[in-house]
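> Need a 3D model of the sequence below.
(chains A and B)
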Amino acid sequence: EFRRFSLERSKPGKFEEFYGLLQHVHKIPNVDVLVGYTDIHGDLLPINNDDNYHKAVSTANPLLRIFIQRKEDADYSAFGTDTMTRKKNVLSNVLRPDNHKKKPHIVISMPQDFRPVSSIIDVDILPETHRRVRLYKYGTDKPLGFYIRDGSSVRVTPHGLEKVPGIFISRLVPGGLAQSTGLLAVNDEVLEVNGIEVSGKSLDQVTDMMIANSRNLIITVRPANQRNNVVRNSRTSGSSGQSTESSLPSSTPNLLGNLLQGEEESDEEDIVIEDSGEPQQIPKAAPTSESIESLSQIELLHESTQNGFLPSSEMNLNHSAGSISMEYEVPDPGRKSLEEDGTIITL
Amino acid sequence: MRRFLRPGHDPVRERLKRDLFQFNKTVEHGFPHQPSALGYSPFLRLMAIGTRSGAIKLYGAPGVEFMGLHEENNTVMQIHFIPDQCQLVTLLDDNSLHLWSLKQHGGASELREEHRFTLKGPPGSPPSATQITAVLPHSSREVLYLGTESGNIFVVELPSFRVLEDRTITPEAVLQRVPEDNCNRRSCELVEALREHPKNPDHILIGYSRGLIVLWDLQNNKATHHFLGSQQLENLYWQRDGSKFISCHYDGSYTQWPVSSDNRQPEPLENTVPYGPFPCKAISKIYWQTTKNGLPYIIFQGGMPRASYGDRHSISVIHGSQQTAFDFTSRVIDFFIIFSSDPAAEFDDPSALVVLAEEELVVIDLKSAGWPAVHPPYLASLHCSAITCSHHVSNIPLKLWERIISAGSKQNIHYSSMAWPIDGGTNIAPDPPQRDLLLTGHEDGTVRFWDASGVCLHLLYKLSTVRVFLTDADPNDNMNTLGEDEWPPLRKVGTFDPYSDDPRLGIQKIYLCKYSGYLAVAGTAGQVLVMELNDEDAEHVVDHAEADLLQDQEGYRWKGHEKLKTRDGPVRFEAGFQPFVLVQCQPPAVVTSLALHSEWKLVAFGTSHGFGLFDHQQKRLVFVKCTLHPSDQLALEGPLSRVKSLKKSLRQSFRRIRRSRVSSRKRRGGSGNASEVQEANAKFDQDALQEMELAPVQRKIEARSAEDSFTGFVRTLYFADTFLRDSSRHCPSLWAGTNGGTVYAFCLRVPPAERRMDEPVRAEQAKEIQLMHRAPVVGILVLDGRSTPLPEPLEVAHDLSKSPDMQGSHQLLVVSEEQFKVFTLPKVSSKLKLKLTALEGCRVRKVTVANFGSCKTDDYSENDLAVLTNLGDIQIISLPFLKLQIRYPCIRKEDVSGIASCVFTKYGQGFYLISPSEFERFSLSTKWLVEPRCIVDMPEVTSNNHVHNKSGTENAARKS
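Down below sits the predicted model:
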């Protein structure tokens, strides 16, 4: 079923209104739907909040293709930055889900109905040899379950190959979160912990950082096995800049938004028991004008050290996107690396 | 991105920061670790001590201190002052010589290294040819005579260290001029001693190891006399008039030899084995001092009967019929005698014997009857029993200060009243701004009170808690009671005594209230003593209470040590701090936190099991709170055993490191080949690296949980008068923070003063805060309505602090090892936080509020947090906005004991142990800086005594 209607580009309004409008034009007022759109690369991306809705509208050229699925039989795998390679399939899946017989259809609910336990994030802004993994300790009772050790890795420097000290995953505890995600493996080199580079830090320091961040741990690793890396055609075809630009505003800010929220949440979970009563979570104080300034300043100070994590979602998206991609795409000669064991040598 | 987001780069604030904060390591207090050499200049009246790590420290009058460090970090073997100069030469164990000078710079003297030199032999000669064994700075001040292992005596010019080859005194030249009766080439191996003739600078006495002694005429390059000793020579010493000299020997004997013009090969006048007839140990150094009354002092090191007293570290003084063998607590490094340095004086008239032992400095007054010891104003042995904790109290009221000094002076009656004899140089540092006390707790159950106001850390008073308890050691067992005719006449001197009778006596926490004179100390076996200062001796019963911290927790068995047994009945206490109540924690685990509120007369204490509050006015336990998690078995079974084993393994690993260092040093000993050494070191390092790679250290990454061990461990206790329940009424409160990130707050009801004895103190738990990151809570603080930390108890009553603002809303600052968090009060809601570990990977080890004054204006000061991290960095964090102001690297992160020992003062200074016996003092403040500043003037050469006296009077004039 196709509908075509016009929308004022300069005043797109709120997502809620847009959602209502869609339900109205399709005459499905009480049906929960998933909304998606194709960006300029043909990636199918979700629209579920104001930010990505605005981005979608701004990318319309001049036509914006919107896909609507019932929530009950939605195919979530269709969404994502990688969908371009599968564009045909995706579209046919979306358009004719019944014809797609290879995959048995499994109904799963929206991601937010589950507590995530792990995710790969920032795929689009990291070099392909790196992987940024987020472990949500809060969502599970499983132990994090891994060990780290000192080691050395080979880097390419202006003086040729050099052995530099590094931190590596040395052991995964069977049944632990780290092992069950399948995203981390023994001998993966740890490059960053929650956005902070570990180079120059001692094993004990990195241990303390990881434990301090254990409720919401984001580690960037260089996997020992580079064969499972995601190969991004868009990159190799030379349009990486565009791709980054297109995908970032839609996905990364969301993630970062969640991330920050998550962080805040986990911190405000301190519990107070007043007069031996029931335990309560400690609320955040309504800050006075004086302290709000200092508070935000402090938060900014923190975040500024976490490469590329945005301090707040209110920030100008384009600006932040630009600065993020800058951070990662300006190649740092000292950080280029050579893998010893893989068949692929990446610089 | 950082560029865009860096906040608050306010130029005004930046300027203010420069006026407030500055990091300096200012002075080292205590006794140098591993001293290895001693020197003294009678001309400058300065003493020099060299150490095994290559440091050299000069000391004169109290406050006159200099320090230098050899780049090589090699052991200092010998120190020699150049006669009548502000210069000294050091010999290191790598056979290098270094010339140091004291030069005035910017109004104060500084010690600087001027030249260095390594003696080189002819190509192909063995290293022993140039291995220096004896150094003689000639009184002409132009040359040094260097005796070597090969028997050659080289002459080098000063200060250039140019070798004057034509003036070398070779063994061949010596043998040619000595009749060959009993001498051969081997007689001239290894120069043991070189001594200049006291009256004739052209003659020097050369002592060779095998016993041959030659008096050498430098002008005519010939031997004028030779003396054939039958025993292996150790050292030589001239009598003042140059008519005789004395030699000491390996067999424990000493010999007097006449020097006269008519006999070229004299026989000994007298040969004595002072502690014979049985075989004796060597006498390694000897002095012969003349006096007006004709009886000389003969002072020598060693010579004890080998079999029965061979293990003693002794120095004997013989004066006529008086003879005493001073028995030192550790190995004697070296000693010297202070005597009349006026060359015109007829006699030596020795006044003091100064002995550098491995662990302490001992000075004996030779002028007073009985030869009592002199109390040194500096170089105190902090480690006479191992330091277990320290506590600093700033700005002591004069009254308390005087009472402590008077209590201390009663303990020091056995010391000589002699003025400190090493009094060179002038202290020009300004008087210390305030009276500061540093209290150190020791393993043997003592607390020492040090005057930490100035450059000299000086012992004021020593408090022992041992009398309260029954220990195995009998206090009446006096080591010094030796019979009259005891032989040898040994007398113990010194205070170094590292052996503790009972480790349970160890002091773990100290809290002194400077206004009331109340002192609380807590120890290893769960004992908490509350004391009061009394100016008189007293005999009384110490009240005794037990605090069962496990309460009704059942099924647990304490497997640690037992509590200490107490003495029944009245106990006699000397003037000073006298205990009046003992609170015994059960189980008797080590006390981990302590707080005293002298106004409310309450003492709070915590262990790994919980905490309690005791009313020391009514002598009644107010409440106990068990903080144990039911699954924490380890804490219950007696953590001490495990902690101990951890400590032991740490110690072992340190020992291993030390051993490897020592062995690498030994390897390089003798060979002067630097590249070889480097190569060996590089190889060693590489081996170590490989070893590390073979057996990687793993670290477990796991979130903390409530079930972890030692979560109940009470880390901090804090009294505050604040708004705990509602914002209209404030009340006394007690706060406790645990290792598991829990904060407990108790509301206290203290009866008013007039009914204080009649009504009980009541407590009720008001709040319990669980930090979700569960890191140990290391500090709790309440800020008043002006965001100023609440004053100390009685501070307001003594008009020394503004009363806190009780109108505005109070805030609670909780410092965990990982984060700083500010909460509102009375309703706890989080307001502000600063994360440390998540961002930097470091953890808070020590935190204190410090007041920083501006160096520019007197009317600005602010309170900040001074924080020491586990990486040894010091950070200053602003209050109440928790902004990092500045960061300084201070202690090496490997120096775990240094970091653990650190204490901050209330005005931005601090102390930490750089060795078991030395505190390094540092300052974070531009305003409060205690560092040595002194001048050493060159006295005129001809009448140094006179000039010295003049500088002494000047000194006195300056003081008055």
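
> where does the stretch 151-300 of chain A have low pLDDT?
Along the stretch 151-300 of chain A, the model assigns pLDDT under 70 to residues A:229-268, A:276, A:285-300.

> what's the helix or strand for the residue of it found nearest chain B?
Nearest residue of the stretch 151-300 of chain A to chain B (Cβ to the nearest Cβ) works out as A:Q205 at 3.2 Å. No exception for glycine: its C-beta is placed from N, CA and C like everyone else's. Using DSSP states H and E, A:Q205 sits in helix A:203-212.

> How about B:P350?
Using DSSP H and E, B:P350 is not contained in any helix or strand.

> Would you agree it is in contact with B:W371?
No - using Cβ atoms under 8 Å, B:P350 is not in contact with B:W371, being 10.9 Å away.

> ranges for the helices of the chain?
Picking chain A for this. In chain A, the helices defined using DSSP state H lie at A:15-26, A:50-59, A:87-95, A:177-181, A:203-212, A:233-236, A:240-267, A:289-305, A:317-329.

> The intended chain is chain B.
B:2-5, B:11-20, B:171-176, B:306-309, B:398-411, B:633-637, B:639-668, B:674-694, B:837-840, B:896-900, B:944-959.

> Who are the packing partners of the helix holding A:Q205?
Here helix A:203-212 touches strand A:146-157, strand A:189-193, strand B:698-701, helix B:837-840, going by 3 or more Cβ pairs under 8 Å, 6 or more residues apart in numbering or on different chains; DSSP states H and E.

> Would you mind getting the angle between it and strand A:189-193?
60 degrees (axes from the mean of the first three to the mean of the last three Cα atoms, to 10 degrees).

> Tell me which residues touch B:T329, please.
Residues near B:T329 by Cβ atoms under 8 Å, 6 or more residues apart in numbering or on different chains: B:H313, B:A357, B:E359, B:E360, B:K492, B:V493, B:G494, B:T495, B:F496, B:D497.

> Report the separation between it and chain A.
38 Å (Cβ to the nearest Cβ, to the nearest Å).

> Contacts only, for the residue of chain B found nearest chain A.
Nearest residue of chain B to chain A, counting by Cβ to the nearest Cβ: B:G841, 3.2 Å away. For B:G841, the contacting residues are A:I196, A:K201, A:S202, A:D204, A:Q205, A:V206, A:D208, A:M209, by Cβ under 8 Å, 6+ apart.

> Thought B:V697 was touching the fourth one, still the case?
In this case it means A:D204. No - judged on Cβ under 8 Å, A:D204 makes no contact with B:V697 at a distance of 9.3 Å.

> out of those two, which sits in the busier spot?
A:D204 (16 against 12; other Cβ atoms under 10 Å in any protein chain shown).

> residues contacting B:L594?
Counted by Cβ under 8 Å, 6+ apart, B:L594 has contacts B:K509, B:I510, B:Y511, B:A520, B:V521, B:A522, B:V528, B:V603, B:A604, B:F605, B:G606, B:L717.

> Pairing-wise in the sheet, spell out the partners of it.
Beta-bridge pairing for B:L594 (DSSP bridges): B:F605.

> residues in contact with the nearest residue to B:S368 once chain neighbours are set aside?
Residue nearest to B:S368 in three dimensions, not counting chain neighbours: B:S416, with 5.4 Å by Cβ to Cβ, 6 or more residues apart in numbering or on different chains. Counting by Cβ under 8 Å, 6+ apart, B:S416 touches B:D365, B:S368, B:P372, B:A373, B:V374, B:H375.

> So what's the residue count around the last one?
In other words, B:H375. Neighbours of B:H375 under the rule other Cβ under 10 Å: 16.

> who's in contact with it?
Per Cβ under 8 Å, 6+ apart, neighbours of B:H375: B:N412, B:Y415, B:S416, B:L459.

> nearest spatial neighbour of the residue of the stretch 151-300 of chain A closest to chain B, skipping sequence neighbours?
Using Cβ to Cβ, 6+ apart and skipping residues adjacent in sequence, the residue nearest A:Q205 is B:G841, 3.2 Å away.

> Go ahead and confirm B:C842 touches B:L871.
Yes - with contact defined as Cβ under 8 Å, B:C842 reaches B:L871; the gap is 4.6 Å.

> shared neighbours, these two?
With contacts taken as Cβ under 8 Å, 6+ apart, the residues that reach both B:C842 and B:L871 are A:Q205.

> Looking at the two, which has the bigger crowd around it?
B:C842 (26 against 21).

> separation between the more buried one and B:K835?
Separation of B:C842 from B:K835 (Cβ to Cβ, to the nearest Å) stands at 11 Å.

> Over to B:G445?
Distance from B:G445 to B:K835, counting by Cβ to Cβ: 41 Å.

> Distance check, the nearest residue to A:E1 once chain neighbours are set aside against chain B.
Closest residue in space to A:E1, ignoring its immediate chain neighbours: A:H26 at 7.1 Å, by Cβ to Cβ, 6+ apart. Between A:H26 and chain B the computed distance is 42 Å (Cβ to the nearest Cβ).

> Kindly confirm whether my reading is correct that A:H26 touches A:R4.
No - with contact defined as Cβ under 8 Å, A:H26 and A:R4 do not form a contacting pair (12.0 Å).

> So those two - more neighbours on which side?
Neighbour count, other Cβ under 10 Å: between A:H26 and A:R4, A:H26 has more, with 13 against 7.

> what residues are up against the more buried one?
A:E1, A:R3, A:I68.

> since we're on the last one, how many residues are nearby?
One way to gauge burial is a neighbour count; for A:I68, by other Cβ under 10 Å, it gives 20.

> is it in a bridge, and if so with what?
Bridge pairing for A:I68 - DSSP bridges - gives A:V35.

> Look at it and report its pLDDT.
On the pLDDT scale, A:I68 is placed at 82.

> so who does the closest residue to B:G737 other than its chain neighbours touch?
Spatially, and ignoring its direct neighbours in sequence, B:G737 is nearest to B:V777 (2.7 Å; Cβ to Cβ, 6+ apart). Neighbouring residues of B:V777 by Cβ under 8 Å, 6+ apart: B:R715, B:T716, B:G737, B:T738, B:N739, B:G741, B:T742, B:V743, B:L771, B:V814, B:V815, B:S816.

> Produce a PyMOL select command limited to the buried residues of those.
In PyMOL syntax, the buried subset of these is picked out as below (16 or more other Cβ atoms under 10 Å in any protein chain shown):
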select buried, chain B and resi 715+716+737+738+739+741+742+743+771+814+815+816
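
> could the contacts of B:V777 be laid out in TSV, adding pLDDT?
Below are these laid out as TSV (pLDDT from 0 to 100):
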residue	pLDDT
B:R715	95
B:T716	96
B:G737	96
B:T738	94
B:N739	92
B:G741	92
B:T742	93
B:V743	95
B:L771	91
B:V814	96
B:V815	96
B:S816	95
